[in-house]
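> After the sequence you'll find the predicted model.
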Amino acid sequence: MNQYKTKIFASLLFLLFVAACSTVPLTGRKQLSLVDDKTMQQQASLAYNNLLKDPKTKVVKGTANAQMVQNVGRKIAQAVETYLQQNGYANQYQFSWEFNLIESNEVNAWCMPGGKVAVYTGILPVTQNEAGLATVMGHEIAHAIARHSSERASHEMAAQGLGVGVGLATNKQSQLTQVLVNQLYGVGSQVALLKYSRSQESEADRMGLTFMAMAGYNPNEATAFWKRMAAKASGQKPPEFLSTHPSDERRIADIQSLIPEAMKYYKK
């Protein structure tokens, strides 16, 4: 009898995972989706607003760089929304875009679920120009469009057994999602960059190239940016299999191989 119940449970679990799959735009990859998008975005928005209000956070406004972040962000967001609309994904996304430049020496940028974007001033010497910034913002926005943070949260839920039965009850979703957002982004006085897996990083590279091309930025500029980034991060680094990111050499080679695909969307 116990063996029979185990088989039934395994079958139900399999059906749950199949039903909880979604499709990543542009790449068509199937992914596990156990976390409610609306709740994830609400908690991400709360975390983003808390960061901006933190006395330790200095949001840069009224400068040429701050305006550049706004301009590039809006162009990419418009390109993304156009793509989603034209390919039948529009009803799956309700993003409320925000773009802010934050004073920090960190060479960093990120995009939370729902389109909450932050660029740190420390990365601007590496981006150097609008096309370099579009490379970064396109990549980070791609993570949000591909729901990579929700996917990782879903895998954590499944690993902890929270994806079964009462673990998905609506009265627990808000608290659970808030915990996951805090864990994934390290929400506190500062928001740490979410460390995606190597496969998610590569997917974001591919999508980001296309999004920047749609926004009017030449994808070939991405190669130059990543070479500058590799030079900035030069020194002793862990082997690729121990890292959440592809090696610099592999990333640049992969991006070069993806440029012809992205160029199909490029309009000056």
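Cool, the structure landed.
> residues contacting the closest residue in space to A146 that isn't next to it in sequence?
Leaving aside its sequence neighbours, A146 sits nearest to V24 (CB to CB, 6 or more residues apart in numbering; 4.7 Å). In this view, the C-beta of every residue, glycine as well, is placed from N, C-alpha and C. Applying CB atoms under 8 Å, 6 or more residues apart in numbering, we find V24 in contact with K30, Q31, I145, A146, R147, E203.
> hang on, isn't the fourth one packed against D205?
No. Because the distance of 11.0 Å does not satisfy CB atoms under 8 Å, A146 is recorded as not touching D205.
> between these two, which one's more packed in?
A146 (24 against 21; other CB atoms under 10 Å).
> one step back: the residue nearest to A146 and R147: what is the separation?
Using CB to CB, to the nearest Å, we find V24 at a distance of 7 Å from R147.
> Which residues are in contact with each of those two?
Q31.
> mind checking which helix or strand the residue nearest the centre of the chain is in?
The residue lying closest to the centre of the chain (CA atoms, centre = their mean) is H143, at 2.1 Å. If you go by DSSP states H and E, H143 is part of helix 130-145.
> just checking, what packs against that helix?
If you count contacts as 3 or more CB pairs under 8 Å, 6 or more residues apart in numbering; DSSP states H and E, helix 130-145 packs onto helix 64-86, strand 109-112, strand 116-120, helix 124-127, helix 198-214, helix 220-232.
> Could you pull up the mean pLDDT of stretch 43-50?
In this model, stretch 43-50 has a mean pLDDT of 89.
> Name the residues of it that come out as buried.
Q43, A44, S45, A47, Y48 (16 or more other CB atoms under 10 Å).
> what's the spacing between that stretch and its chain's center?
Centroid separation for stretch 43-50 versus its chain: 15 Å, with CA atoms, centre = their mean, to the nearest Å.
> and the nearest residue to the residue nearest to the centre of the chain once chain neighbours are set aside, how many neighbours does it have?
Closest residue to H143 apart from its sequence neighbours, by CB to CB, 6+ apart: A204 at 4.9 Å. When counting by other CB under 10 Å, one arrives at 24 neighbours for A204.
> show me the contacts for A204.
Residues near A204 by CB under 8 Å, 6+ apart: H139, E140, A142, H143, A146, H148, Y196.
> quick one: pLDDT of it?
Per-residue confidence (pLDDT) for A204: 94.
> quick one: it from Q86, how far?
As judged by CB to CB, A204 and Q86 stand 21 Å apart.
> Over to A230?
Using CB to CB, A230 is found at 34 Å from Q86.
> Neighbour count: the two, which is higher?
The residue with more neighbours, out of A230 and Q86, is A230; 15 against 9, by other CB under 10 Å.
> shaky segments in this protein?
Across the chain, the ranges flagged by pLDDT under 70 are 1-20, 155-196, 235-245.
> Who does M112 form a beta bridge with?
Beta-bridge pairing for M112 (DSSP bridges): K116.
> Renumber starting at 310 from here on
All set: I'll call the first residue 310, so the last point we hit is now M421.
> right, and it touches A353 too?
Yes. Judged on CB under 8 Å, M421 makes contact with A353 at a distance of 4.0 Å.
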